[in-house]
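1. Coordinates for the following, if possible.
(one chain, ligands or ions: 1)
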Amino acid sequence: MSTFIRTMAASRKLPLFRLPPLPTVGELIKLYNLRAEKQLSQNFLLDLKLTDKIVRQAGSLRDAYVCEVGPGPGGLTRSILNAGAADLLVVEKDTRFIPGLKLLSEAAPGKLRIVHGDILTYRTDRGFPQSISKPWEGDPPNLHIIGNLPFSVSTPLIIKWLENIANRTGPFVYGRTRLTLTFQEEVAERLTASTSSRQRSRLSVMAQYLCTVRSRFTIPGRAFVPKPKVDVGVVHFTPLVQPQIEQPFKMVEKVVKNVFQFRRKHCYRGVEMLFPEACRVDLTQEMLQRADVDPTLRPTELTIPHFRALVDAYAHLCATDPSLFHYDFRDELRAKHVSRKTDSPADTFMDTSATSLQPC
Ligand SMILES: C[S@@+](CC[C@H](N)C(=O)[O-])C[C@H]1O[C@@H](n2cnc3c(N)ncnc32)[C@H](O)[C@@H]1O
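-> Model prediction:
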């Protein structure tokens, strides 16, 4: 590389790497006859200006390690390589895209690794060298996850990754790996919704107690081929050094899920569902008092500190009676339903009432 190019690259005016001329993404789609498969939620981005814009939301990718989810025909993949990534691992479920990705890999020798697999089961904790790890308390590692996610996997995937963040597993064994992902707009709005906003939901609390979550921009549905029915939001996540709730993920998830059970009602209605009928009233009162949360607030009005207080109070009650954590009001309802159905003179001597099987 000439001194001039090196100087310009160092001053960030030129990319360090540019892919050589290749068939365009559109030409590749035609070449390999890549019809979009509905069941794999395939909506492609062919406009490289747009894929460059998505990639810029991740921050500098100079010499970065990147995992791309669902590269498909490789539009985002090209932008990630052009942004200077040193090592790009792509995970693609659909075999039809592998030959096109191999073509890209040949054009970027040593930079692109292709995994034919399912991102929901792929072991990202083994995908990169341990040497790139950074202590959790320090700066994030130079590792990014980027993806124009299939809608059908985006929600289960982000929930799985949030649990991974809480437990520092999966892609977070390397430290506070940042994520830049697309979601259908409604999900993007829920992820970033603040207290009292219309879209405030379980997903808002679960994402925001663990990460700084930022909505970056909206991609109109018409930018995709084929055009989906909805617009798409680009969301950026940086895991927090200190989660805002310091209890096990499953416990946070249980409280948040129950509280949002009755979205429009007072929050005590959802809290009640954490407890067996026999002790519901007393334990709900105890939990809300201990948490110092107004029972008449709506779930959407609760802040993350409110949830922290609620989960801490619930953890305290579970420490006193560990069987509480395993209680699920649906089991109690089901058992009641069955006992009502089987109630006959023959079993009047058997105690089939569900509440007698429950803790407290
Ligand atoms: C919405 S398309 C995006 C394609 C490409 N990234 C783009 O922006 O044009 C989603 C891609 O994810 C792939 N995919 C679907 N489910 C997957 C999974 N579980 N694991 C990995 N890839 C998956 C699809 O085959 C498809 O290529």
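2. Contact residues of the stretch 1-150 of the chain facing the ligand?
-> 40-45, 69-73, 75-76, 91-94, 97, 118-120, 148, 150 (Cβ under 6 Å from any ligand atom). Every C-beta, even on glycine, is put in place using the N, C-alpha and C of the backbone.
3. Of these, which belong to strands?
-> 44-45, 69, 91-92 (DSSP state E).
4. Show me what residue of this protein gets nearest to the ligand.
-> G70 (2.1 Å; Cβ to the nearest ligand atom).
5. give me the low-pLDDT residue ranges for this protein?
-> 1-16, 31-34, 36-41, 340-360 (pLDDT under 70).
6. Now do the contacts for the spatially most central residue of it.
-> Taking Cα atoms, centre = their mean, the centroid of the chain lies closest to I158, which sits 1.4 Å from it. By Cβ atoms under 8 Å, 6 or more residues apart in numbering, the residues touching I158 are 181, 183, 191, 203, 207.
7. ok, how many other residues are close to the residue of the chain closest to the ligand?
-> As a burial measure, G70 scores 22 neighbours (other Cβ atoms under 10 Å).
8. Show me the helices in the protein, by range?
-> 3-10, 25-31, 48-56, 75-82, 98-107, 151-167, 185-192, 202-208, 249-259, 267-272, 280-291, 304-320, 329-342 (DSSP state H).
9. Save these as JSON lines, and put in distance to Q242 too.
-> As requested, these are exported to JSON lines (distance: least, Cβ to Cβ, whole Å):
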{"stretch": "helix 3-10", "distance to Q242": "36"}
{"stretch": "helix 25-31", "distance to Q242": "41"}
{"stretch": "helix 48-56", "distance to Q242": "28"}
{"stretch": "helix 75-82", "distance to Q242": "30"}
{"stretch": "helix 98-107", "distance to Q242": "39"}
{"stretch": "helix 151-167", "distance to Q242": "12"}
{"stretch": "helix 185-192", "distance to Q242": "20"}
{"stretch": "helix 202-208", "distance to Q242": "13"}
{"stretch": "helix 249-259", "distance to Q242": "14"}
{"stretch": "helix 267-272", "distance to Q242": "25"}
{"stretch": "helix 280-291", "distance to Q242": "20"}
{"stretch": "helix 304-320", "distance to Q242": "11"}
{"stretch": "helix 329-342", "distance to Q242": "32"}
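10. Which one of those helices lies nearest to D63?
-> Taking Cβ to Cβ, helix 3-10 is the member of the helices of the chain nearest to D63, at 11.5 Å.
11. who's H116 bridged to?
-> E92 (DSSP bridges).
12. So it sits against P99, correct?
-> No - counting by Cβ atoms under 8 Å, H116 stays clear of P99, with 11.2 Å between them.
13. what residues does the stretch 251-360 of the chain put near the ligand?
-> Counting by Cβ under 6 Å from any ligand atom, no residue of the stretch 251-360 of the chain is near the ligand.
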